[in-house]
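Chemist: got a predicted structure here, sequence first:
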Amino acid sequence: MKKPAVAGAVVSRRRSLGKRIVDHWQLYAMLLVPVVLTIIYKYIPMYGIQIAFRDYKASRGMMGSEWVGLEWFERFFSAPNCGRMIKNTVLLSLYGLLWSFPIPVVLALMLNQMRFQRFKRMTQTILYAPHFISTMVICGMIRIFLSPSGGLINLLAGTSIDFLTEAPAFRTIYIASGIWQDAGWGIIIYMATLASIDTSLYEAAKVDGASMFQRIRHIDIPQLMPIMVLQLIMSAGGLMNVGFEKVWLLQTDLNKAVSDVIAVYVYQQGIERAKYSYSTAVGLFNTIVNIILLIAVNQISKRLSEDTSFV
Amino acid sequence: MRTKSKAGKLTGFSERTSDIILVAVCLVILIIVAYPLYYVLVASVSNPYDVYAGKTFALPSGFTFDGYKAVFADPSIVTGYLNSIKYTVVGTVFSVVMLYLTAYPLSVKELPGRKFFSIFFIITMYFGGGLVPTYLIVKQTGLVNNMWALFLPGGVAVGNMIIVRNFFENSIPKEMIEAAEIDGASKWTTFLRVVVPLSRSIMAVMVVFSMVAYWNDWFTSLIYLPGTAKAPLPLVLRNILIKSSASASQMSMISGGYAELNKLTEMIKFSSIIVAAAPMLIVYPFVQKYFEKGFMAGAVKG
């Protein structure tokens, strides 16, 4: 298996770089359109972030508008709801992470022990279903179920509470519906990892008389550890990325005290009110915090992996 | 043998008991996940007054298809439906072609600059221009109010591209590609005749992923396709589901008074949810068995 590849590498290294580039011209041609699109719609907007430091006027363009330094950032930090928005953004996603992270792991560990293959497959099919539904439809369902007059939850509880006007209920609604929608889908990565465990480990454990819980504790969980740490790092790095869609659709005037988040503000200022520079500055602040978090979590995990045998 | 019997006693459950507990817990979870959808389905064919009186927990009451009739009689919903189908078909073809064109060259280890191009794409996963700068560029390239605004800025879905690239690297035998090239096939022919046919499973997964993404998306349309004529289905449903407002056409359907209208808007809520969710819920089980394989290929050395 290995020899031909090594020989090929030696041969291609002997050829000059120019020759090798010419040899692969068709592959570069394939990359042409994706690269051009990425430059136009990803890299040019990155360069355009500088309007956060300018007073953008459409007539003068992104690079020609007047330089104003940190004015927009100062304006954001002195906005009356600034502290509230940062707090809501962080808390909504931190609580969301803490509640929704462990559930797919537990589900995957359970399903992996299931010996009835048909039942297992059916369970997976149903667990995946909510993931394939639009947030618009999900939020429509949430609104119907929580309706004070004849909504499912109020019918079952025998109450008539208008949950979406109750600020304290907002986070629970947001996080619980998120778990309902995506916990099932989240098991895939863990199921795939568990499926790759050498079955002789289980057989040996069974011979030694290990119960199901012991097998989970001593075989499955250690095997899942690296991928769990990786998933945790990735989610922690996106802590400021509260999804715009659900919050926007579930927001009411009365739950704003907790549902006011940066992403919605960026949309309202930027698209609805056309305050381009200001909105870009707020969005940039969010991105910078995210990047700092990502780097920090990454560093922590590197330390951890030096100390222990994780990752 | 000694340890076996001892451990069995000490840890309590026998294999059989564990199985029963597992199945029971799974059933409870299944009910939690499936019941909300079932409830909406039942309510969509019931009399809304019975729904709100709590008579439809298990079975329909006052069976009727009026909700569905009203949904398909509403021109804004029909337009939205057709728009969504168009965006989904065009978007899926475009996205999958882009994925393949990017993933294949990046899977060829001898390609000079492979690492540079990989990083070039991966950076865009972690860092972007943000909402407004992207909007301004889309506007400057003349795509506002054009359906291509839904496809071009998304361009390459980098996360999926990595999954496809890893599939190419791990699951397509290098010998087959080399053999084709020794036989004189060009890189392009090899790609079309060897790589594409051998990657049908991952392609099925990517087709479904793209379909779902375009069918369910409404945020991009909200920004780039203002006005109602080009709105996709979810955006049309926003008026019904989120704002709870009746459209003009619904009002014209009603001969009776306010109560009739109210009844109709409530019915339409349930039936429109089913109409919007059903297509994707019918499609995904067909490729379900490939999901894990796909993620496996993507997760390993991602």
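Modeler: All right, it came through fine.
Chemist: what ranges does the stretch 151-300 of chain A have for its helices?
Modeler: Assigned by DSSP state H, counting those that start in this stretch, the helices in the stretch 151-300 of chain A fall at A:152-157, A:167-195, A:199-207, A:212-215, A:221-237, A:244-250, A:256-259, A:262-267, A:276-307.
Chemist: the longest one close to chain B?
Modeler: Yes: judged by C-beta under 8 Å from any C-beta of the partner chain, helix A:276-307 comes into contact with chain B at A:276, A:279-280, A:283-284, A:287, A:291, A:294. Any C-beta I mention is one placed from the backbone N, CA and C, and that applies to glycine too.
Chemist: verify the stated contact: A:Ile175 with A:Tyr95.
Modeler: Yes: contact status for A:Ile175 versus A:Tyr95: in contact at 6.0 Å, counting by C-beta atoms under 8 Å.
Chemist: more neighbours: which of those two?
Modeler: Using other C-beta atoms under 10 Å in any protein chain shown as the criterion, A:Ile175 and A:Tyr95 rank with A:Ile175 on top: 18 against 14.
Chemist: per-residue confidence at the more buried one?
Modeler: pLDDT recorded at A:Ile175 is 94.
Chemist: residue contacts, it?
Modeler: Listed by C-beta atoms under 8 Å, 6 or more residues apart in numbering or on different chains, the contact partners of A:Ile175 are A:92, A:95-96, A:99-100.
Chemist: ok, now B:Ser221?
Modeler: Contacts for B:Ser221 were tallied using C-beta under 8 Å, 6+ apart; they are B:87, B:150, B:230-232, B:235.
Chemist: which stretches of the stretch 101-250 of chain A have low pLDDT?
Modeler: For the stretch 101-250 of chain A, no stretch is flagged by pLDDT under 70.
Chemist: what's the local residue count around B:Val97?
Modeler: Using other C-beta under 10 Å: B:Val97 sits among 12 other residues.
Chemist: torsion angles phi and psi at A:Arg54?
Modeler: Main-chain torsions, A:Arg54, degrees, to the nearest 10: phi -120, psi 170.
Chemist: on that earlier part again, may I ask which of the contacts of A:Ile175 has the most neighbours?
Modeler: Top of the contacts of A:Ile175 by neighbour count (other C-beta under 10 Å): A:Leu92, with 23 neighbours.
Chemist: could you find the closest non-adjacent residue to it?
Modeler: Leaving out its chain neighbours, the residue that sits closest to A:Leu92 by C-beta to C-beta, 6 or more residues apart in numbering or on different chains is A:Val242, at 5.4 Å.
Chemist: residue contacts, that neighbour?
Modeler: A:Val242 neighbours (C-beta under 8 Å, 6+ apart): A:89, A:92-93, A:261-263.
Chemist: before we move on, the earlier item: taking the contacts of A:Ile175 one by one, which sit in helices?
Modeler: Cross-referencing the contacts of A:Ile175 against helices under DSSP state H gives A:92, A:95-96, A:99-100.
Chemist: buried sites along the helix or strand containing B:Phe168?
Modeler: Assigned by DSSP states H and E, B:Phe168 falls within helix B:158-171. Neighbour counts over helix B:158-171 (16 or more other C-beta atoms under 10 Å in any protein chain shown) mark B:158, B:160-169 as buried.
Chemist: could I get these as a markdown table with distance to A:Phe145 and pLDDT?
Modeler: Below are the buried residues of helix B:158-171 laid out as a markdown table (distance: C-beta to C-beta, whole Å; pLDDT from 0 to 100):
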| residue | distance to A:Phe145 | pLDDT |
| --- | --- | --- |
| B:Val158 | 36 | 92 |
| B:Asn160 | 32 | 90 |
| B:Met161 | 37 | 93 |
| B:Ile162 | 37 | 91 |
| B:Ile163 | 34 | 88 |
| B:Val164 | 38 | 92 |
| B:Arg165 | 41 | 92 |
| B:Asn166 | 40 | 89 |
| B:Phe167 | 39 | 89 |
| B:Phe168 | 44 | 91 |
| B:Glu169 | 45 | 89 |
